[in-house]
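In: based on what follows, work out the 3D shape:
(one chain, ligands or ions: 1)
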Amino acid sequence: MLKNKVAVITGASRGIGKEIALEMARAGANVAILYNGNTEKAEEARAEAENLGITARIYKCNVASADDCAQVSTQIISDFGTADILVNNAGITRDALMFQMKEDEFDSVIATNLKGAFNMTKNFARHFIRKRTGRIINITSVSGMMGNPGQANYSASKAGLIGLTKTAAKELASRGITCNAIAPGFIETDMTSSMPEGTLDTAKKAIPLGRLGKPADIAALAVFLASDLASYITGEVIKVDGGLYI
Ligand SMILES: NC(=O)c1ccc[n+]([C@@H]2O[C@H](COP(=O)([O-])OP(=O)(O)OC[C@H]3O[C@@H](n4cnc5c(N)ncnc54)[C@H](O)[C@@H]3O)[C@@H](O)[C@H]2O)c1
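Out: Reported below is the predicted structural model:
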């Protein structure tokens, strides 16, 4: 479905981002695996992707830094000769009830989850506009749609990302570029494994399908949205949450 396309995925050394990179590689895409700090993990992801018979490269990039994003996007386009798909996946949580939340906990989550997507989109949109084609996929969260106690920073960042998605869709549609968001519910990754057991049990009870999702559940939709099959879909927010937020 993505043969010879070049896909750029942020925060792709583990979890959902890694699975998206591998699923896109299985679909025939060459992949740029962006990571924040763990070179060893990124290298592992690169090796797994290359075993699928495509070209994979790793790039260290803190998405909260506009300079990093500008530099790395130029490098990727130079290395691969082009780029076709951008997945803004990098994200963090710094949970606390609002009245106890520190300024830094609020700012760092907004800087990574929301400004990070803006930084990357700005750079790749220029390239996509020149090509008059491109796909942007933002990984938001149902927390940004329904709110979640203890996640004022995270919910606000993810709701902001939905606004960014819809604006990018409107600004870029006439240039043949689509922009959509995927809103996962609870997915089994390092992000959820650090949650208290009781919280996860309560979450499971609230999920009609009765289980947490897997990174593969998100990756399948990301491949579809990046493929020609989805060329008439833009500005959408698609939940993948086992029915949590119906
Ligand atoms: N796991 C879930 O239940 C769930 C639910 C809804 C949304 N999401 C979203 O899915 C995305 C992936 O999360 P995950 O569950 O795989 O978590 P994860 O913690 O395993 O992965 C997050 C990745 O983002 C990277 N990252 C963090 N800060 C960064 C920065 N400043 N610059 C670049 N990379 C950075 C991390 O290094 C990591 O590789 C996130 O945006 C998250 O908010 C996850």
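
In: for the helix or strand containing Ala32, output the C-alpha coordinates as CSV.
Out: For Ala32, the host element (DSSP states H and E) is strand 30-35. Provided in CSV are the C-alpha atoms of strand 30-35 (Å, rounded to 0.1, in the frame of the first residue of the first chain):
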residue,chain,number,x,y,z
ASN,A,30,11.1,3.6,3.6
VAL,A,31,11.1,5.0,7.1
ALA,A,32,12.8,7.8,9.0
ILE,A,33,12.7,6.8,12.6
LEU,A,34,12.9,9.9,14.9
TYR,A,35,13.8,9.5,18.5
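
In: tell me which helix or strand comes right after that strand.
Out: helix 39-50.

In: which elements pack onto that following helix?
Out: helix 15-26, strand 30-35, strand 56-60 (3 or more Cβ pairs under 8 Å, 6 or more residues apart in numbering; DSSP states H and E). Any C-beta I mention is one placed from the backbone N, CA and C, and that applies to glycine too.

In: roughly how far is the strand holding Ala32 from the heart of the chain?
Out: 12 Å (Cα atoms, centre = their mean, to the nearest Å).

In: what pairs with it, and is each one parallel or antiparallel?
Out: Strand pairing for strand 30-35, using DSSP bridges, gives strand 6-9 (parallel), strand 56-60 (parallel).

In: and among those strands, the most buried is which?
Out: Ranked by mean neighbour count, the strands paired with strand 30-35 are led by strand 6-9 with a mean of 28 (mean count of other Cβ atoms under 10 Å).

In: quick check, that strand touching the ligand?
Out: No - using Cβ under 6 Å from any ligand atom, strand 6-9 stays clear of the ligand, with a minimum separation of 9.8 Å.

In: which other residues reach that strand?
Out: Residues outside strand 6-9 that contact it (Cβ atoms under 8 Å, 6 or more residues apart in numbering) are 17, 20-21, 24, 29-34, 73, 76, 80-87, 89, 120, 124, 226.

In: what's the span of stretch 108-115 from first residue to last?
Out: Taking Cα to Cα, to the nearest Å, the first and last residues of stretch 108-115 lie 10 Å apart.

In: hang on, I meant stretch 47-64
Out: Span of stretch 47-64 from end to end, Cα to Cα: 26 Å.

In: just the residues contacting it, thanks.
Out: Contacts for stretch 47-64 (Cβ under 8 Å, 6+ apart): 10-11, 13, 21-22, 25-26, 28-37, 39, 42-43, 45-46, 68-69, 72, 75-76, 79-80, 88, 90, 108, 111-112, 115-117, 119-120.

In: the top strand by length along the chain pairs with which strands, parallel or anti?
Out: When the chain is parsed with DSSP state E, its longest strand is strand 177-184. Partners of strand 177-184 in the sheet, by DSSP bridges, are strand 134-139 (parallel), strand 237-240 (parallel).

In: and the angle from the longest one to helix 15-26?
Out: Here strand 134-139 runs at 150 degrees with respect to helix 15-26, directions being taken by axes from the mean of the first three to the mean of the last three Cα atoms, to 10 degrees.

In: give me the pLDDT for Lys239.
Out: Per-residue pLDDT puts Lys239 at 98.

In: can you check Phe224 too?
Out: 98.

In: swap in Val31?
Out: 99.

In: I'd guessed it sits against Glu19; true?
Out: No - applying Cβ atoms under 8 Å as the test, Val31 and Glu19 come out as separate, 11.8 Å apart.
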